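Novice: Mind looking at a prediction? Sequence and model below.
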Amino acid sequence: MSYSTLSESEDQALSVLRAILDNTVDGLITIDDTGRILSVNKACEAIFGYTEAELAQQNVKILMPDPYRSGHDGYMANYHAGGEARVIGIGREVEGLRKDGSVFPLDLSVARVEVRGQVFYSGIVRDITVRKRAEEEILAKSAALERFAYVASHDLKEPLRAIEAISEILALDYADKLDEEGLTYLHHLTESAQRMRLVVTDVLEYSRLDIEQEAPEDFSAGDVVQDVLKEVTLELEQAGAVTDVASLPDISGSRIRFYRLMQNLIANSIKYRRKSVPLKLSIYTSQGDDEYTISVADNGIGMEVEYHVAIFDMFKRLHARHEYAGTGIGLAICKKIVEGWEGRIWVESARDSGSTFHFSLPKRMIVEA
Ligand code: ADP
């Protein structure tokens, strides 16, 4: 059926419209510019527990708990006087009040409609109780998982230390009593314990980022980068590296986390270099309106575009362990650090063309650029 056919009969058009509105899953409310309810659909009756007759002519505040209720007149007056819109044309999460007095979360978006010089507002409401509950459950589960990872990795350190100590004793005091096969097993044991230490240490560090809070301090990002570079002087020399570090800002945040972030990115640019060419490592900055971006660029092996997001996931690695050692947790730690500051981290890279890791920090963290 086309709308042109419908327009032949306004009555029919209205009935169709009414049927559509009443069968819409979301609640629809129309109010006038004083907040008086003009119409509600069936979904709205179900969401709030009122009949349409009970709501007609009432002020829409009846559906709002405080503080929305007490603030509504002021909000509308302010909006009419040209003030800021908080829901009109935007949509946001607010709370609703049912007839039985219960309060529930809802998504509300309001549109302003003008018909023959008269202003109306039509609101779309969606009860998001189930979604909110699911979100809360996920958050609780993820907090429990983080706690579990923290406790498990922490508690694994003790038996790991014992395994390492015993294999050391075996290697020192019993090597001559072992045949070749026994020595091979001992070698595997020692290697596995070392590998486990790396994983346990990284998982512990990762989960600590959630559990432990670091007090912010003002520090020089340039000094931190110089400290990291000093730590890897030997590796840089071996890679024939040419480094180019721009002037970096003073930052307010956790110095130790910034250190770890830069340490991971710089260590990766050394590890994933192309052996055939000297390493070129540059660190530079750029600024947007709200963000300050620091970039770490190398001319290393790079990676295909399909890995640009996945490499920031826990344990994601693109190479076998015998090619490049590692746990696949470094970039996940970087991501967690940057997101903890409400920043973003991403990579630009192509196979054999180097990689540039960028991370942005909100401007409020920049003390002096
Ligand atoms: P790890 O280095 O321990 O494997 P990361 O989380 O630091 O773990 O990095 C994940 C993966 O991303 C690496 O295995 C590697 O394949 C890729 N990668 C990271 N940094 C670079 C880089 N600078 N150049 C090329 N590939 C990189």
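Specialist: Everything's here; your move. Since this is a predicted model, take the numbers as computed values, not measurements. Residues are numbered from 1 along each chain as shown.

Novice: So residue 43 versus residue 26, what's the distance?
Specialist: 6 Å (C-beta to C-beta, to the nearest Å). No exception for glycine: its C-beta is placed from N, CA and C like everyone else's.

Novice: out of these two, which sits in the more crowded spot?
Specialist: Relative neighbour count places residue 43 above the other of residue 43 and residue 26, with 20 against 17, counting by other C-beta atoms under 10 Å.

Novice: ok, for that one, nearest residue in space, not its chain neighbours?
Specialist: residue 27 (4.5 Å; C-beta to C-beta, 6 or more residues apart in numbering).

Novice: residues contacting that neighbour?
Specialist: 40, 41, 43, 44, 46, 47, 48, 123, 124, 125, 126, 127 (C-beta atoms under 8 Å, 6 or more residues apart in numbering).

Novice: For it, list each beta-bridge partner.
Specialist: residue 125 (DSSP bridges).

Novice: And for the one 4 residues further on?
Specialist: The residues listed as beta-bridge partners of residue 31 by DSSP bridges are residue 37, residue 121.

Novice: shouldn't it be in contact with residue 37?
Specialist: Yes: look at residue 31 against residue 37 with C-beta atoms under 8 Å: they come within range, at 5.5 Å.

Novice: contacting residues for residue 336?
Specialist: Counting by C-beta under 8 Å, 6+ apart, residue 336 has contacts 206, 209, 210.

Novice: Just to be sure, it is in a helix?
Specialist: Yes: counting by DSSP: H, G, I helix; E, B strand; the rest coil, residue 336 is part of a helix.

Novice: a helix runs through residue 348, doesn't it?
Specialist: No: per three-state DSSP, residue 348 lies outside any helix segment and is strand.

Novice: Name the nearest residue to it, sequence neighbours excluded.
Specialist: residue 356 (4.7 Å).

Novice: From residue 268, how far out is that neighbour?
Specialist: Distance from residue 356 to residue 268, by C-beta to C-beta: 12 Å.

Novice: tell me the SS of the residue nearest to residue 350 when sequence neighbours are not counted?
Specialist: Of all residues not flanking residue 350 in the chain, residue 302 sits nearest, at 5.2 Å (C-beta to C-beta, 6+ apart). The local conformation at residue 302, judged by three-state DSSP, is coil.

Novice: residues in contact with residue 302?
Specialist: Going by C-beta under 8 Å, 6+ apart, the list of residues near residue 302 reads 349, 350, 351, 352, 353, 354, 355.

Novice: List the residues that contact residue 58.
Specialist: Residue 58 touches 36, 37, counting by C-beta under 8 Å, 6+ apart.

Novice: from here on, count from 3
Specialist: Sure thing, new numbering starts at 3, so read that last one as residue 60.

Novice: For it, give me the pLDDT.
Specialist: pLDDT recorded at residue 60 is 94.

Novice: Figure out the helix or strand that the residue of the stretch 53-202 of the chain found nearest the ligand lives in.
Specialist: Nearest residue of the stretch 53-202 of the chain to the ligand (C-beta to the nearest ligand atom) works out as residue 200 at 8.5 Å. Applying DSSP states H and E as the criterion places residue 200 in helix 182-213.

Novice: List the contacts of the helix or strand that comes right after that helix.
Specialist: Using DSSP H and E, the helix or strand that follows helix 182-213 in sequence is strand 219-222. By C-beta under 8 Å, 6+ apart, the residues outside strand 219-222 that reach it are 250, 252, 253, 254, 255, 256, 257, 260, 369.

Novice: give me that answer again for 6 Å
Specialist: Defining contact as C-beta atoms under 6 Å, 6 or more residues apart in numbering, one finds that strand 219-222 is touched by 252, 254, 257, 369.

Novice: does the closest residue to residue 207 other than its chain neighbours count as helix, strand or coil?
Specialist: Closest residue to residue 207 apart from its sequence neighbours, by C-beta to C-beta, 6+ apart: residue 335 at 6.1 Å. What three-state DSSP gives for residue 335 is helix.

Novice: Kindly confirm whether my reading is correct that residue 335 touches residue 208.
Specialist: Yes: assessed by C-beta atoms under 6 Å, residue 335 is found in contact with residue 208 at 5.4 Å.

Novice: Just say helix, strand or coil for residue 154.
Specialist: Assignment for residue 154 (three-state DSSP): helix.

Novice: cool, residue 322 as well?
Specialist: Applying three-state DSSP: residue 322 is coil.

Novice: Same question for residue 254.
Specialist: Taking three-state DSSP, the label given to residue 254 is strand.

Novice: and it, what does it touch?
Specialist: 218, 220, 367, 369.

Novice: Buried ones among those?
Specialist: Applying a neighbour-count criterion of 16 or more other C-beta atoms under 10 Å, the buried members of these are residue 367.

Novice: Can you tell me which of the contacts of residue 254 is nearest the ligand?
Specialist: Using C-beta to the nearest ligand atom, the contacts of residue 254 come closest to the ligand at residue 367, 23.2 Å.

Novice: so that closest one sits right up against residue 255, yeah?
Specialist: Yes: Residue 367 is within contact range of residue 255, at 5.3 Å (criterion: C-beta under 6 Å).
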